[in-house]
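Chemist: Predicted model and sequence below, questions to follow.
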Amino acid sequence: MDKGQGRLLRLTLKGGEARVFLCDTTGMTQLARDIHHASNTVSAAMGRMISATAMMGVNLKSDGDRITCTINGGGPAGPMCAVAGPDGTVKVTVEHPEVELKLKPNGKLDVGGVLGRDGQLTVMRSYGFGEPYLGRVNLVSGEVAEDFAMYYLESEQTPTLCALGTLVGEEVQSSGGILIQAMPECSDALIDQLEIRAELFSSISQLLSEMTLEEIAENCFRGLDPEILESMPLTLTCDCSRKKIEQVILSMGEKDIRELIREQNGCEVSCHFCRRHYQFTGEELEALLREGLDRNEEKA
Ligand SMILES: [Zn+2]
């Protein structure tokens, strides 16, 4: 898949007893790894976070709605944050992307180690207007998938099976996830079947390196009447702009902006998500400040 691009399938099982989201975020994870110059373990953590947040984001209703997921586990990589929208766009950032740990005894990347396990997963749903909705759970393992499954169970009372995986070598080989939610009318027979297959889902990154999303759906859910409702594109992209950065600068307040003008004759602000740099000269800051003050007077 092209760098920055991904894809998501939405399907149901047994005529709607369970709903499933299945995504391939390989190209998106590669772009995130490049943007942040991330280590292998942090790349894997970002891949899992991108997949989980994308699968939540596509459930939002209106264009301007956003979901912001933050894992703050006290690990050496620092907090990791991803934001997704209903249009399949995702952005991700982490404080220390370069951090690397040695492999776990089972040969796997130590995602729980770099993110840490002592903290919380916070999920914020913000709408075009009104107060955002905030949900929070204590981390189970910092391995991301179990933490999201716990969030769905505790915050939304929805039994959820979540598997996320990212294979990283020189490049990102595969990355994606699967989320299965039992609807209230779900039969015990279907739940039993899903539990039996949980082991298969847990190797999602391996499956993605061998099969298309449609083939995975067909193979993993054979006999459970999988019905694909939708296939939609996902994209790793940032919505920052000079206008938005100007608002951030203005929110610092007049005193701090005057200090930037006096001491540095300008400033450089970089976006945490896409690492783009925005330069402002002293004169531009002056003009911005005047504009901001004028606007405040109009309001008053
Ligand atoms: Zn940006």
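Modeler: Perfect, thanks for sending it.
Chemist: Could you list the residues of the chain in contact with the ion?
Modeler: 238, 240, 271, 273-274 (CB under 5 Å from the ion). Bear in mind the C-beta positions are built from the backbone N, C-alpha and C, glycine included.
Chemist: does the residue in the stretch 1-150 of the chain that the ion sits nearest to have beta-bridge partners, and which?
Modeler: In the stretch 1-150 of the chain, no residue comes nearer to the ion than K91, which is 7.0 Å away by CB to the ion. Assessed by DSSP bridges, K91 has beta-bridge partners V83.
Chemist: from now on call the first residue 30
Modeler: Sure, I'll start counting at 30 from here, so that last one is K120.
Chemist: Quick check, pLDDT for it.
Modeler: We have a pLDDT of 98 for K120.
Chemist: residues contacting it?
Modeler: The contact partners of K120, by CB atoms under 8 Å, 6 or more residues apart in numbering, come to 111-112, 265-268, 302-303.
Chemist: Give me the nearest residue to E275, chain neighbours excluded.
Modeler: Distances taken as CB to CB, 6 or more residues apart in numbering put L317 closest to E275, at 5.7 Å, once the chain neighbours are dropped.
Chemist: Surely that neighbour and I278 touch.
Modeler: Yes - between L317 and I278 there is a contact at 6.5 Å, judged by CB atoms under 8 Å.
Chemist: Neighbour count: these two, which is higher?
Modeler: More crowded of L317 and I278, by other CB atoms under 10 Å: I278, with 20 against 17.
Chemist: so which helix or strand takes in the more buried one?
Modeler: Per DSSP states H and E: I278 is located in helix 271-279.
Chemist: which ones are touching Q222?
Modeler: By CB under 8 Å, 6+ apart, the neighbours of Q222 are 252-253.
Chemist: Now name the helix or strand holding it.
Modeler: Here Q222 is assigned to helix 217-225, by DSSP H and E.
Chemist: CA atoms of that helix as PDB?
Modeler: The C-alpha trace of helix 217-225 is given here as PDB (Å, rounded to 0.1, in the frame of the first residue of the first chain):
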ATOM      1  CA  ASP A 217     -23.500 -17.300  23.200                       C
ATOM      2  CA  ALA A 218     -22.700 -19.700  20.300                       C
ATOM      3  CA  LEU A 219     -21.200 -16.800  18.400                       C
ATOM      4  CA  ILE A 220     -19.200 -15.500  21.400                       C
ATOM      5  CA  ASP A 221     -17.800 -19.100  21.900                       C
ATOM      6  CA  GLN A 222     -16.800 -19.200  18.200                       C
ATOM      7  CA  LEU A 223     -15.100 -15.800  18.400                       C
ATOM      8  CA  GLU A 224     -13.200 -16.900  21.600                       C
ATOM      9  CA  ILE A 225     -12.000 -20.100  19.900                       C
END
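Chemist: residues of the helix or strand just after it that come out buried?
Modeler: Remark: after helix 217-225, the chain's next helix or strand is helix 227-230, criterion DSSP H and E. For helix 227-230, a neighbour-count test (16 or more other CB atoms under 10 Å) marks F230 as buried.
Chemist: Alright, I will stop here.
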